[in-house]
Every structure is written in C-alpha cells, then in structure tokens.
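Trainee: Pasting a predicted model and its sequence here:
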Protein chains: 2
Amino acid sequence: MSVDGNGSNPRTLNLEDIAEKAGVSRSTVSRVINNEPHVSKKTRDKVMAVIQQVGFVPNPAARMLVTQRTRTIGVVISQSFGAIFEDSFYFPTLLQGIADVTHVQDYAMLLWVQESSEDAERFYSRILQNRLMDGLVIASTTDKTIPFIQRLVELQTPFVMVERPPLHTDRISYVGVDNYQAARDAVAHLISLGRRRIATITGSLVNMDGQDRLAGYRAALHDFGMPIQNEMIVDGYFRRTPGYIAMKQLLQYQPDAVFIGSDQSALGALDALNELGVRVPDDIALIGFDDLPSVRRTTPPLTTVRQPIGDKGAQATTLLIDMIEERSTSVRQILLPTQLVIRSSCGAMLRSRPEAAS
Amino acid sequence: MSVDGNGSNPRTLNLEDIAEKAGVSRSTVSRVINNEPHVSKKTRDKVMAVIQQVGFVPNPAARMLVTQRTRTIGVVISQSFGAIFEDSFYFPTLLQGIADVTHVQDYAMLLWVQESSEDAERFYSRILQNRLMDGLVIASTTDKTIPFIQRLVELQTPFVMVERPPLHTDRISYVGVDNYQAARDAVAHLISLGRRRIATITGSLVNMDGQDRLAGYRAALHDFGMPIQNEMIVDGYFRRTPGYIAMKQLLQYQPDAVFIGSDQSALGALDALNELGVRVPDDIALIGFDDLPSVRRTTPPLTTVRQPIGDKGAQATTLLIDMIEERSTSVRQILLPTQLVIRSSCGAMLRSRPEAAS
DNA sequence: ATATAAGTTGGGAGCGCTCCCAGAAAATAG
DNA sequence: CTATTTTCTGGGAGCGCTCCCAACTTATAT
C-alpha cells in the first residue's frame, strides 16, 4: 500500500536498504525475494531475516516496470450491477470463486463494473486503457462485447470467458456449463411428466447462456416431435419483473409447463401465477435455472437446474493464470456439469409421493 | 493492459516515441498528457493528434514509480461473499455505488474479498502488502477489523469506512446511516401502533450497524418506559436461517411485534411465522431493515427501513479520493438519511385503510 | 534600441526494481 | 599444487515515466 508521505515520513525502504542491512548487494536481495537459485543458504537466511524484521515488501511499480507483469487480473462485468444483482447471487458467487483462486495464487483482482449510465464503448475503452492487468476474466456477455473481445485477441491479451463466446471461434478459452444440454434435459423431464404444451421464458438473448438454453428447449421439443410455437417463447431477461410479465403473456396460450431460463424470472412467473390463482404444478409446471437459495423456499419449491457458479469463476481464473504464466498456451473450453434439482414445481414430487407411499 | 509480448511484438510505444513523431521532446509530451500549463496551443494540438492517432496510453507502472500514486483504490469486504451475499443485494449495490464514482474520477478498483477459509489476519496482511492502492474503502466490519484499521492509521494510508468504526475515535472518516435513530424510530412506530411486547432480532453484533440498531431498539423502549427483556433479544446475524431460528425461539415469549435488524433475517422470520400459521401483522407485527427488493413481495409486504446503500458507497469513495488527492484533509463522518417504508407487516396499513374508507 | 520578464522547450537525474555480465569464491579434477 | 569448472556475488544498464533546472524564444517595459 502506498503510504501517503507527509514529508517527514521516512522514505519507504528499498532493495538497496535491505542489502546494506544484510551486508550484501541489491542483486542478492532480489534473488532471495524472487526465490532464485545461486544464493548460498547462509546468505539467503541472513537476507530473509532482515526482510522479515523490517517487513520489507518490494515496490510493485518498479517490479512491474521491468517485468511487464502486474500479478493482477481484471474481472469484467458488463451491464450494471444494479440490473444484474437484484436479489441475485450469481455475480457475488462468481466473484467469490475468482477471489478464492486469486488469493491462493497471490494475484490481485481489479473489478470493472459498467457504470449505470455508461455506454459499452466507453466502458471497454476504459478497461483497454488500464494497463495494470495481466489478463481478464470476462464474466458476462452482451452483443456489445464482440468488438471488445476481438480487440483483446488482436492485442494478444490473455483472457478467459465465463460463458461461451459470442463468436464462432475456437481461439477463445472459456469455462461454462452445457446450457444446451441442461435445458434439453429439463424440458425432456417436463415432457416425461406428461406435459405437452411447454412454453419457455428465456434468459436474456443477447447472452450466450440465454441463447443456448433456448436452443436446448427447442431441441427437446424437436426430439419428441412436438411443435415449436413462437408465441410460447418470451424473453425474461434474467430478471424478475420481466418474468412476471412474460408469464402473464404466456397464459393466454394455455401452457401446461414453462421452462424458465433463470430462477430470477421464475420468481416473477410464480408471482404472476400466485396472483392469478393458477396452481403450480397442478395447472402449470415450472422449471427454473440457477438454483438460487431463495427458490428452495418458494411455494411450491422450485425445480431448477443447478450450475456450479463459484467453480466457473475459480476454474476460469486458474485457466487465466496458467495462460498468463505460460504454463498452458493452448485454448481450452471447459464445460462443468449441471444438475437438475427436482423439487415440487415440476410435478414430479406430487406424482411420485403417493406412488412411493402405496 | 499489458500486451503479452511474444517476441516479435513491437515494443509498446513510450513517451519518447510520441515525442519523436510529434517533433518535440519527451517532457513536452508529458506536459500535454498531464494537462500541464506552459505548452503552446500549437504544440499541444500537434502532440494530441499523434497521441490520438496511435492510441498512446502512458505506462502506469513507470508513472506510479515516480509519482507514488496508482489511481487505484481498494475495496475491502471482510467475511466471505458466500455468507454475506446469500440472496442479498447489499454488497452488489455498494460496489455499484463505488464503481460509479471510480469511473467518473478515473480510478480503478481493486476488490479484496476474504476467502472462504481464510483467517482474518492473513487476509488483512495480504491487503497491507499490496502496495498498488492509494487508499481503501472498508465495506464491512468484524471484531477482527480493529487491528487492521489501527495499522492503516499508523501507516497514514487514507481510508474511509462504510460504517461507524469499531473504535472510539474521531480520527476515522466514514459514511453511514444513523442506525440508532432509524431503529429507535422504527420501534417507536410499533409502539405507536399499540404494540407492547416488542422483541428484536438483531443484525450481527460484531458489526457496528447491528450494534447501533440494537441500541436504538433499547432506546425506544426506554423512551416509552417499557422494560427491556434479554430474552426478547436474539441475534439474527444479518442472515435468513438465523432469522428463522430466532423467530421460533422468540415465539415462546409471545411478542406482539419484532424489530428485525436486517430484511434477510426478516425473511427468515416470515418463513417461521408462515410455517407456524402465525398471522402477520395481526398476531405479530414486523419491521425489517434495508428494503431489499424482495421484501416488497412477501406476504404480507414488509415494513422496513430503507437505507441508501449505493449512495453510501459513492460518498465514501468520493471522500476517499478527496483525501488521496488532498483536497480534504479533515476527518469527515457523514450520516445519510434513512426512510421508514411502511407496508403491511407492521399493521399500520390494516388499521388505516378501513378508516380511510369510512 | 536594449533590459527585463514571461512563456516555452529540452535533457539530465532518478524512482526501485530485474536482467545480464563480469569477477570472486568455492569445489572438483588433474 | 595448479588448472578448470561450478557456484555465488556485485554492479551497470535500463524499464518509462515525472520533476527540475537550464536554455531558448517571445512579449512587454523602458
């Protein structure tokens, strides 16, 4: 931490000072600090003792200047928090996963959050201009993200996405979940429970996760030879109120099940159904996505697709640091497993309970 | 952003390169970039044009090395996200408020989140050793925070707390809300509605906000000459499940109202009351704290104390940057206003409606 | 016209580190 | 005991910037 010198403050110690105290040279101290070989045990111990004693920490700016490394990664969250976080736990959990790894690897984490009123171009150029990061974790995507990541590729800046990139390319590393398959399985589950008029409230479709979940929905209907009706597909933008509105809109087409691309929207959908007295799962079955803590306690508890959010962040960060330190140069695309968590809202519990009891 | 040189990469441009292209000296380019006087308009324009054209951004490490300024602030969140964020929107909103200001002031934001399994001492020493920040916003407090902030004072590192500091001192700047008065008013409101057996589920008591709200609760009872009973005070730790447990525990003492130090715990309390068929507000009135978006939709909607979370972050950051840039050297302690948001859970609505109708 | 002041501009020094090379010390071989 | 290799150590150079001072240019006063 830069101590704000008030003039009388003694200058912060530097390598040379430590060298003097230990009776060696600057270079030797540098070797000890960086754990380099070619230092005798005796010298090393002596230097270490001095470092410990005075609590010396090398000046990161000087080090950065010569090494061109910062030991800092950036985390980019496009769209403003306010919009994304409403009641949610996706980003906090992701950040925790990232923080856990940066801690162990001794990296710092620079957080970039798009300001409420800021346009995307300005936001990304701010990030591009800050040269204090060795690489980036890109934690959310919008349609505006494409030129940004293209620029990153041009600049050869290491980065990892926490979602499938919005580009047809195999040159970008990412960590995600198989949204397509997860959605397909979830919808197949609804079909297996006898539902035939299955609608979907999608996640935001500027987002790859949202798109892939919709594709999985379509695929499942197709698998079972069921028609895909456009009026049965409404955008829920990963948010609660749009989910509420979407649900009301869908009701006129009398679905008997809805696959919802985010739990946040599912909460909104439940609001609408409760308000109108539509019974879940009797009249309409619901499946959400994310497994937010709160959906365990809704009435009825929500069946949902659980995804390992913290792990996504952690693995993306590990991958990024490997790239930065050139332990791995190959592009990697990692899909983590999801899990369909069956609760009451899809109707499986209602049916299975009596059977189990008989 | 440090472009990962692959050997063939042309070296990043520096001041000297720009100077050469513009036909001036390094110093002049520096003056232009830092908006210093003593550069003729003609020269300035010429240099600016070159900078624009090649997209030059000065090397922050070199600049830091000489200025001892990083234009980066740190944000410290003690305790792990997982615990704090569960469904919540407090920290995301705070971060958004901070990010809004750092953006406008052209600062970057280094986020420090205590790792799940990390002890406090290690966490704080990591922060202290990172010398890449000009100052800190300390966004949450535990009992372990005290030595840390004492150290910051010693080191003369600028910092601002987003809560009353856990020390009796007037040397620490902070931005908060008047938790004491807000809680006192909330409880007074319950009393004015005729409640006489008022319990409280506190926020975490290692936290100043939690402590002050409890003190406000006590003060209100005292104001009205009502007894303070220890069994009517249970810790809810700002979280849902402890709120649930606390509510169940309190029921044996038959309170007719509960002031709850966080909405998160209030949600837990509602869970308990709903489960047991206790009617809110008929049997028990509730008031929460925070005004989380979700408490607008509970059954019944929750009366709560709204606090300007984003503003707290924004003002703390503004204050911090003022300190860093030495525009303000005096300690400032800012209390932002809260607002009692009356919904149905406190009973005020039920009573007033019929009257209004008559 | 010259003396003086004010506005510009350039280059040296130095921030604190790492990297490299040369030289000293120690270890091993002949 | 000397020649050679290996291990260890010290200091110069330089990363890219800002700060300072000196020098030059132009404006203003005399």
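Mentor: Cool, the structure landed.

Trainee: and residue A:77, backbone torsions?
Mentor: When quoted as degrees, to the nearest 10, the phi and psi of residue A:77 stand at phi -120, psi 100.

Trainee: Can you give me every residue that contacts it?
Mentor: A:84, A:91, A:111-114, A:139-140 (C-beta atoms under 8 Å, 6 or more residues apart in numbering or on different chains). For every residue, glycine as well, the C-beta is placed using N, CA and C.

Trainee: Go again with 10 Å.
Mentor: A:84-85, A:91, A:94-95, A:111-114, A:123, A:137-140, A:162, B:92, B:95-96, B:99 (C-beta atoms under 10 Å, 6 or more residues apart in numbering or on different chains).

Trainee: Over to residue A:206?
Mentor: Shown in contact with residue A:206 (C-beta under 10 Å, 6+ apart): A:78-79, A:140-145, A:166, A:235, A:237.

Trainee: so is it in a helix, a strand, or just coil?
Mentor: coil (DSSP: H, G, I helix; E, B strand; the rest coil).

Trainee: Check residue A:247 too.
Mentor: Applying three-state DSSP: residue A:247 is helix.

Trainee: What ranges does the stretch 251-358 of chain A have for its strands?
Mentor: For the stretch 251-358 of chain A, the strands defined by DSSP state E, counting those that start in this stretch occupy A:257-260, A:285-290, A:303-306, A:333-336, A:339-341.

Trainee: Is it possible to get TSV of those strands that adds mean pLDDT?
Mentor: Converted to TSV, the strands of the stretch 251-358 of chain A look like this (pLDDT from 0 to 100):
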stretch	mean pLDDT
strand A:257-260	98
strand A:285-290	96
strand A:303-306	97
strand A:333-336	96
strand A:339-341	97
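
Trainee: Output those strands in CSV, with mean neighbour count and distance to residue A:24 appended to each entry.
Mentor: Formatted as CSV, the strands of the stretch 251-358 of chain A follow (neighbours: other C-beta atoms under 10 Å in any protein chain shown; distance: least, C-beta to C-beta, whole Å):
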stretch, mean neighbour count, distance to residue A:24
strand A:257-260, 30, 66
strand A:285-290, 29, 56
strand A:303-306, 25, 56
strand A:333-336, 15, 46
strand A:339-341, 16, 57
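
Trainee: who wins for proximity to DNA strand C among these?
Mentor: Of all the strands of the stretch 251-358 of chain A, strand A:333-336 sits nearest to DNA strand C, with 30.4 Å by C-beta to the nearest atom of the strand.

Trainee: is that closest one up against chain B anywhere?
Mentor: No: remark: strand A:333-336 sits outside contact range of chain B, by C-beta under 10 Å from any C-beta of the partner chain, the gap being at least 17.8 Å.

Trainee: Show residues contacting that strand.
Mentor: Residues from elsewhere that reach strand A:333-336 (C-beta under 10 Å, 6+ apart): A:160-161, A:164-165, A:170, A:172-182, A:307-309, A:311-312, A:315-316, A:318-319.

Trainee: one step back: in helices only, show me the contacts of residue A:206.
Mentor: Using DSSP state H, the subset of those located in helices is residue A:145.

Trainee: Would you mind writing the PyMOL command to select the buried ones in the contacts of strand A:333-336?
Mentor: To isolate the buried ones among the contacts of strand A:333-336 in PyMOL, judged by 16 or more other C-beta atoms under 10 Å in any protein chain shown, type:
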select buried, chain A and resi 160+161+164+165+172+173+174+175+176+177+178+179+180+181+182+307+308+309+311+312+315+316+318+319
